[in-house]
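Asks: All I have is the shape, not the residue letters:
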């Protein structure tokens, strides 16, 4: 990593190097600009999202039986079974971004004197620290523009993108022997998991504009519009193209957890435990096996952000 000290102007000393604190102030602006300019976007689709498939499972009752002479035994009564609902609702889109073409800031080198940064220098100097904050997994003021999973419908400082996973279970209390034949699948939603994007960055620090070497006018200070356009151009390029700076998302892959884990729970009761009978009359003996037991975790899925 080649972190350079960009040259800035000091009224009493002339050209001097940026301090660490001054570089940190530029980083705060990178974090703020990332919100509206990230080259990686996530959307919620009906199905077929390219972040893969995760499954919600729940139990449902077996088919009911009717006999005119006696109750069918537990072994003769169809077992409870598992319903699986697949969710593939997150679509990741990565923009195609060309290499920046603008003149880059200058720094002092003891051998070459005033020297223009390379693209790698720029990334190491201005982007490495804020990109590390963005992908740390901490959802807050330093992660504006980053997506995460939440159980809340609305969150302060964030935009809800959409629902991406529902944990459902059989509503065991809805099944009664007096209702045989019961509807086999009677689910209840336990938790809804939502994709959110952090939108606000609340600690924008004033920063000092660095200098650039222009072929026609020599060394001069960037204008603020030109400097921020250069920040955006480089931020977008490196976040897509440069090893160590690429920002992507996945489920259960490599990276840092971003928000809540998505938990799939299910009732653990057996078919035998759910065996029920209903006597209607001397010619109508009914049986059915109902979902039962205690909730357990069947699967846990973790949405992650990765700095690759």
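Replies: Done, it's in. Keep in mind the model is a prediction, meaning the values are calculated, not measured.

Asks: Are we agreed that residue 128 is in a helix?
Replies: Yes: under DSSP: H, G, I helix; E, B strand; the rest coil, residue 128 falls within a helix.

Asks: Would you state the predicted confidence (pLDDT) at it?
Replies: Model confidence at residue 128, given as pLDDT, is 95.

Asks: Next one: it from residue 122, what distance?
Replies: Using CB to CB, to the nearest Å, one gets 10 Å for the distance from residue 128 to residue 122. For glycine as for every other residue, the C-beta is placed from the backbone atoms N, C-alpha and C.

Asks: Counting neighbours around each, name which of those two comes out higher.
Replies: A side-by-side neighbour count of residue 128 and residue 122, using other CB atoms under 10 Å, places residue 122 first with 23 against 16.

Asks: That one touches residue 234, doesn't it?
Replies: Yes: counting by CB atoms under 8 Å, residue 234 is a contact partner of residue 122 at 5.4 Å.

Asks: where exactly do the helices run in the chain?
Replies: Secondary structure of the chain (DSSP state H): helices at 20-37, 119-122, 128-134, 224-241.

Asks: Can you say which of those is nearest to residue 288?
Replies: Of all the helices of the chain, helix 128-134 sits nearest to residue 288, with 53.3 Å by CB to CB.

Asks: quick one: contacts of the closest one?
Replies: Contacts to helix 128-134, defined as CB atoms under 8 Å, 6 or more residues apart in numbering, come from residues 1, 3, 23-24, 27-28, 30-31, 34, 142-143, 145-146, 238-239, 244-245, 247, 305, 307.

Asks: List the buried residues in it.
Replies: Residues of helix 128-134 classed as buried under the neighbour-count rule (16 or more other CB atoms under 10 Å) are 128, 129, 130, 131, 133, 134.

Asks: Report the buried residues of stretch 155-166.
Replies: Neighbour-count burial for stretch 155-166 flags 155, 158, 161, 164, 165, 166 (criterion: 16+ other CB under 10 Å).

Asks: With stretch 13-20 instead?
Replies: Applying 16+ other CB under 10 Å to stretch 13-20 flags residue 18 as buried.

Asks: And for stretch 104-119?
Replies: By neighbour count with 16+ other CB under 10 Å, stretch 104-119 contains the buried residues 104, 105, 106, 107, 117.

Asks: Show me where the stretch 201-308 of the chain dips below the pLDDT cut-off.
Replies: Scanning the stretch 201-308 of the chain for pLDDT under 70 picks out the ranges 201-203.

Asks: let's see it at 90
Replies: For the stretch 201-308 of the chain, the stretches flagged by pLDDT under 90 are 201-206, 213-218, 308.

Asks: where along it do the strands fall?
Replies: Ranges of strands in the stretch 201-308 of the chain, per DSSP state E, counting those that start in this stretch, are 211-214, 218-221, 247-251, 256-257, 262-267, 275-281, 284-289, 295-301, 303-307.

Asks: Switch these over to CSV; also include distance to residue 56 and mean neighbour count.
Replies: Shown next, in CSV, are the strands of the stretch 201-308 of the chain (distance: least, CB to CB, whole Å; neighbours: other CB atoms under 10 Å):
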stretch, distance to residue 56, mean neighbour count
strand 211-214, 54, 17
strand 218-221, 57, 12
strand 247-251, 14, 20
strand 256-257, 20, 13
strand 262-267, 5, 21
strand 275-281, 26, 15
strand 284-289, 21, 21
strand 295-301, 9, 14
strand 303-307, 15, 20
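
Asks: Which one of these lies nearest to residue 172?
Replies: Nearest to residue 172, of those and by CB to CB, is strand 262-267 at 6.4 Å.

Asks: Can you list the strands that the closest one pairs with?
Replies: Strand 262-267 pairs in its sheet with strand 295-301 (antiparallel), by DSSP bridges.

Asks: about what we covered before: any idea which of the helices of the chain gets closest to residue 91?
Replies: Of those, the one closest to residue 91 (CB to CB) turns out to be helix 224-241, at 16.6 Å.

Asks: Now do that closest one against helix 20-37, angle only.
Replies: Counting by axes from the mean of the first three to the mean of the last three CA atoms, to 10 degrees, helix 224-241 lies at 70 degrees to helix 20-37.

Asks: Quick check: residue 37 vs residue 144, distance?
Replies: Applying CB to CB, the value for residue 37 to residue 144 is 11 Å.

Asks: hang on, I meant residue 76
Replies: Relative to residue 144, residue 76 is positioned 61 Å away (CB to CB).

Asks: who's more crowded, these two?
Replies: Using other CB under 10 Å as the criterion, residue 76 and residue 144 rank with residue 144 on top: 23 against 10.
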